[in-house]
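# with the input below, show me the fold.
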Amino acid sequence: MKHTLTLSRWHKVAERMQLAIKERETAVKSAYTATAISPWNKAAVEEKAAEIARRAAADLALVESGAQAVATIRAALALRNAALGVSARLAEAEAARRRAALYRAIVEGQKPDMVRPEDVRTLPAELVGETESWGFGRRTALTVTLQTADAALLAELRTKLGREEARATRLLDEVADLNRERLEIDVPDELARIAGLAE
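Numbering: from 1, shown residues only. The predicted structure follows:
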């Protein structure tokens, strides 16, 4: 039966089907590879085995058709997403978020105890430390963190951060709007019931 849903809902349907298929796969594997009985329990074992095999065969058929249905849904979504430019927008949004995260890390990583390179010469002598006693001429000292990002760069990064965050938000909003687009896909009735599509 054909169903018409939004793209975002089709994603959920495919996830639900995939979960149901996974459960059935486990049952099929167990039925065909791990059905065990106690040797003393011989009564009606043939009938029980036949029932287990019948259920496993039905589950196997459902897994096979379910895997195909999920593939059909995902292929249809991929085609529609490509036509609408969803993937391109998601890629652009991810790039914007990565840039914004870098800018934020640099801006928020500035600490009050950082020292500008030109101010290192004027540090108090007690911060420089003493020469090592074993004579290698190195000095033992506290370390200072250099502030290599100047005020102009930090101002520029703050501007870029705001711009990239706004860009990512706009692109993700566009994707959300595009995911309201409707798509018609034919889904077998039993799978539609599993996915919660049956009326």
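# any idea how far Arg54 is from Glu47?
10 Å (C-beta to C-beta, to the nearest Å). From N, CA and C alone the C-beta is placed, and that goes for glycine too.
# what about the strands in this structure?
Along the chain, the segments classed as strands by DSSP state E run 2-6, 130-131, 139-140, 182-186.
# what mean pLDDT does the third one get?
pLDDT averaged over strand 139-140 equals 56, rounded to a whole number.
# quick one, longest helix in this structure?
helix 45-84 (DSSP state H).
# on that earlier part again, Ala75 is nearest to which of the strands of the chain?
Each of the strands of the chain has some distance to Ala75 by C-beta to C-beta; the shortest is strand 182-186, at 9.7 Å.
# which parts of that closest one are buried?
Leu183, Ile185 (16 or more other C-beta atoms under 10 Å).
# what pairs with that strand, parallel or antiparallel?
strand 2-6 (antiparallel) (DSSP bridges).
# lowest-confidence helix or strand of this structure?
Ranking every helix and strand in the chain by mean pLDDT, DSSP states H and E puts strand 130-131 at the bottom, with a mean of 53.
# tell me the contacts of the residue nearest to the spatial centre of the chain?
Centroid-nearest residue in the chain: Glu94, 11.6 Å away (criterion: C-alpha atoms, centre = their mean). Not one residue lies near Glu94 by C-beta atoms under 8 Å, 6 or more residues apart in numbering.
# and it, how far is that from Lys160?
Taking C-beta to C-beta, one finds Glu94 at 16 Å from Lys160.
# Arg80 now?
In terms of C-beta to C-beta, Arg80 sits 33 Å off from Lys160.
# okay, stretch 150-161 in PDB with CA atoms only?
Provided in PDB are the C-alpha atoms of stretch 150-161 (Å, rounded to 0.1, in the frame of the first residue of the first chain):
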ATOM      1  CA  ASP A 150      46.300  39.900  19.200                       C
ATOM      2  CA  ALA A 151      43.300  42.100  19.900                       C
ATOM      3  CA  ALA A 152      42.500  42.600  16.100                       C
ATOM      4  CA  LEU A 153      42.500  38.800  15.500                       C
ATOM      5  CA  LEU A 154      40.300  38.100  18.500                       C
ATOM      6  CA  ALA A 155      37.800  40.800  17.400                       C
ATOM      7  CA  GLU A 156      37.800  39.300  13.900                       C
ATOM      8  CA  LEU A 157      37.200  35.800  15.300                       C
ATOM      9  CA  ARG A 158      34.300  37.000  17.400                       C
ATOM     10  CA  THR A 159      32.700  38.500  14.300                       C
ATOM     11  CA  LYS A 160      33.300  35.300  12.300                       C
ATOM     12  CA  LEU A 161      32.000  33.200  15.200                       C
END
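# list the buried residues for it?
Buried residues in stretch 150-161, counted by 16+ other C-beta under 10 Å: Leu157, Leu161.
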